[in-house]
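>>> for reference, the sequence and a predicted model appear below.
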Amino acid sequence: MHIGHGGDHEHPHTHDHGHIHEHDSGSSSKDQLLAVMRYMVAHNTAHTEELADFSHRLEQAGDLDACAKLQEVLSDYTLSNEKLARVLAELEKS
């Protein structure tokens with residue numbers, strides 16, 4: 001579980017996200033971009049799993065309102081992760 005920046009972790013986590021901020025179109029290879037996209041898909045999926053765990057904990061604690069709100073967030077996260085994965089798959093084909 002990842003809580004804040006100093007909390008315990010159930011998955012490897014780095015704050016070096018490999019962001020590419022260079023705006024020169026020739027500055028980054030497609031392989032570098034694919035590597036960042038693969039990382040982001042995996043990273044986002046791991047955080048979605050953490051949020052699902054939080055939702056379960058809220059339900060167990062009896063906070064059904066917060067649990068329901070977090071379930072809505074999870075739905076959005078899941079949809080976004082699926083879209084990102086589809087973009088990655090298209091990039092890998094081209």
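Yep, that arrived. Numbers count the residues shown, from 1 in each chain.

>>> going by C-alpha atoms from here, please, whenever you check contacts or count neighbours.
Fine.

>>> remind me, longest helix of the chain?
As far as residue count goes, and with DSSP state H defining each element, the longest helix of the chain is helix 30-61.

>>> quick one: mean pLDDT for it?
In this model, helix 30-61 has an average pLDDT of 95.

>>> tell me which residues of it are tucked away?
33, 36-37, 40-41, 43-48, 50-52, 54-56, 58 (16 or more other C-alpha atoms under 10 Å).

>>> which elements pack onto it?
On a contact count with 3 or more C-alpha pairs under 8 Å, 6 or more residues apart in numbering; DSSP states H and E, helix 30-61 meets helix 64-93.

>>> now do the buried residues in the helix it packs on.
Neighbour counts using 16+ other C-alpha under 10 Å place Cys67, Leu70, Gln71, Leu74, Tyr77, Thr78, Asn81, Leu84, Ala85, Leu88 of helix 64-93 among the buried residues.

>>> for Ser29, state which of those is nearest.
Nearest to Ser29 among these: Leu88, at 14.8 Å, using C-alpha to C-alpha.

>>> so who does the closest one touch?
Leu88 makes contact with Leu34, Met37, Arg38, according to C-alpha atoms under 8 Å, 6 or more residues apart in numbering.

>>> which residues touch the last one?
The reference is to Arg38. Taking C-alpha under 8 Å, 6+ apart, one finds Leu88 in contact with Arg38.

>>> and it, how far is that from Val73?
22 Å (C-alpha to C-alpha, to the nearest Å).

>>> ok now the longest helix of the chain, how far from the chain's centre?
3 Å (C-alpha atoms, centre = their mean, to the nearest Å).

>>> try stretch 53-71
That offset, for stretch 53-71, works out to 20 Å (C-alpha atoms, centre = their mean).

>>> ends of it, how far apart?
11 Å.

>>> could you find the closest non-adjacent residue to Leu70?
Sequence neighbours aside, Ser55 is the residue nearest to Leu70 in space, at 6.1 Å (criterion: C-alpha to C-alpha, 6 or more residues apart in numbering).

>>> rewinding a little: tilt between the longest helix of the chain and helix 64-93?
160 degrees (axes from the mean of the first three to the mean of the last three C-alpha atoms, to 10 degrees).
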